[in-house]
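Trainee: The following comprises the amino acid sequence and a computationally predicted model.
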Amino acid sequence: MYSEYCDLITAATRIAIIQAENPDGDSLGSSLALEEILGAMGKQVSLHCPVDIPKYLRYLPGWDRVEPELDTRADLIIIVDTTAEVLLSKTLAIPGARHMLTTKPVLVIDHHLGTEPDLSFPYTLLLEEAASTSQVIYNMAAACGWPINQPAAHAMLAALLADTLGLTTQHVNTAVYQTAAALASLGASPAAVEAARREFMKKSPEILAYKGRLIERIEYLLDGKLALVRIPFSEIEAYSDQYNPSVLVLDEMRLVTGVELAVAIKTYPDGKLTGKLRCNTPVASDIAGFFGGGGHSYAAGYKIYESYEEALCELIDATDKALKEYHDSQASQHAN
């Protein structure tokens, strides 16, 4: 199943690797791993992300090689960890980018469940059974016989651990453990990944105080099943350089008794809203999909342009529907 992708990459000489405008541990680690693997094959590789890499991801060696500029002279483009056009809007706004993506070969590598891809290309490697995009890349490299050096193995393991919350999510199966073991045998160290991550997760007293204020603002809706916090642009500007405000509180929100879905919504002056979802009930990708986003059953996200009040009403309705459908299906299965 990998032969056409191997041939496509082998034939290329100059490759641009693109992350979406919501980089995470999987997209960054996957990009860095591909850079190592393809660079060792003699390819000229560039890494692109239209936004700055968040500070909490900078524990991954090589993050500073990611550039906001897009190499429009590349003869192959690889998009990692997304199939959603809305998450590529900033890249597509770069002069020449859309023409490049419609006239040159593009390979999409992803694993996300959710809505049908709205930016489709002839070459799409989408493995929904994979726990991370980095696992897809490992499978492809192994199938194609491409050597994986220690930095590539480290980046892939870090990406796998990030997207599976340390190998604890429901998508973790025997194949995922085997991938992690194989990467460890190539020199990747889970302990080293975690030690570096923890160092970058440290918070200043200012950020800890801000976290307390965020917690005080949490709203509980749908009889406590939905926990919500709104983050205005003024706070995004003030604190994002130190720490992603959404990441500060979502886990605590999710762990409140009775909460099934935790959502952090950021609001921007241009009317953009971004939602980050974390669940105890596996409905995150369904709810994000309602807004054109996607992700996993327990973690997902979306971006829209509409008023906060309208978006809130839609979120409540989508959450109520998704939770009812899930619990009804569970009850039906148990009845049978």
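Mentor: All right, it came through fine.
Trainee: A strand includes Y302, no?
Mentor: Yes - counting by DSSP: H, G, I helix; E, B strand; the rest coil, one finds Y302 located in a strand.
Trainee: and it, bridged to which residues?
Mentor: Beta-bridge partners for Y302, by DSSP bridges, are G275.
Trainee: ok, it - contacts?
Mentor: When contacts are counted by CB atoms under 8 Å, 6 or more residues apart in numbering, Y302 touches 86, 274-275, 277, 288, 291-294. For glycine as for every other residue, the C-beta is placed from the backbone atoms N, C-alpha and C.
Trainee: try 10 Å this time
Mentor: If a contact means CB atoms under 10 Å, 6 or more residues apart in numbering, then Y302 has 22, 84, 86-87, 114-115, 263, 265, 273-277, 287-295, 311, 315 as its contacts.
Trainee: so of those, which ones are in helices?
Mentor: 287-290, 311, 315 (DSSP state H).
Trainee: Kindly confirm whether my reading is correct that T82 touches T133.
Mentor: Yes - with contact defined as CB atoms under 10 Å, T82 counts as touching T133 (9.0 Å).
Trainee: Who has more neighbours out of the two?
Mentor: Taking other CB atoms under 10 Å, T82 and T133 do not tie; T133 has more neighbours (30 against 25).
Trainee: Help me confirm that A227 is found in a strand?
Mentor: Yes - the assignment for A227 by three-state DSSP puts it in a strand.
Trainee: Which residue comes closest to it once chain neighbours are left out?
Mentor: M253 (4.2 Å; CB to CB, 6 or more residues apart in numbering).
Trainee: A20 too?
Mentor: Once flanking residues are discounted, A20 sits nearest to L87: 3.8 Å by CB to CB, 6+ apart.
Trainee: For the one you found, list the residues it contacts.
Mentor: 19-22, 27, 50, 79, 81, 119, 274, 292-294, 301-303.
Trainee: Now the two most distant members of these.
Mentor: For those, the farthest-apart pair by CB to CB is I79 and T274; their separation is 19.4 Å.
Trainee: Counting neighbours, go ahead and name the busier of those two.
Mentor: For I79 and T274, the more surrounded residue by other CB under 10 Å is I79, and the numbers stand at 25 against 21.
Trainee: Which residues are in contact with the more buried one?
Mentor: Neighbouring residues of I79 by CB under 10 Å, 6+ apart: 16-20, 27, 48, 87-88, 91, 101, 106-110, 119, 121, 124.
Trainee: Just checking: what are the partner strands of the helix or strand hosting it?
Mentor: Using DSSP states H and E, I79 sits in strand 76-80. If you go by DSSP bridges, strand 76-80 pairs up with strand 14-18 (parallel), strand 106-110 (parallel).
Trainee: May I see the buried residues of the helix or strand encompassing L28?
Mentor: Element membership for L28 (DSSP H and E) is helix 25-40. In terms of neighbour count (16 or more other CB atoms under 10 Å), helix 25-40 has its buried residues at 25-38.
Trainee: again, but for stretch 306-326
Mentor: 311-312, 315, 318-319, 322-323, 326.
Trainee: Count residues in the vicinity of E129, would you?
Mentor: 12.
Trainee: now G96
Mentor: G96 has 10 nearby residues by other CB under 10 Å.
Trainee: ok, the nearest residue to L125 once chain neighbours are set aside to M140 distance?
Mentor: Excluding its sequence neighbours, the residue lying closest to L125 (CB to CB, 6+ apart) is I109, at 4.8 Å. For I109, the distance to M140 (CB to CB, to the nearest Å) stands at 8 Å.
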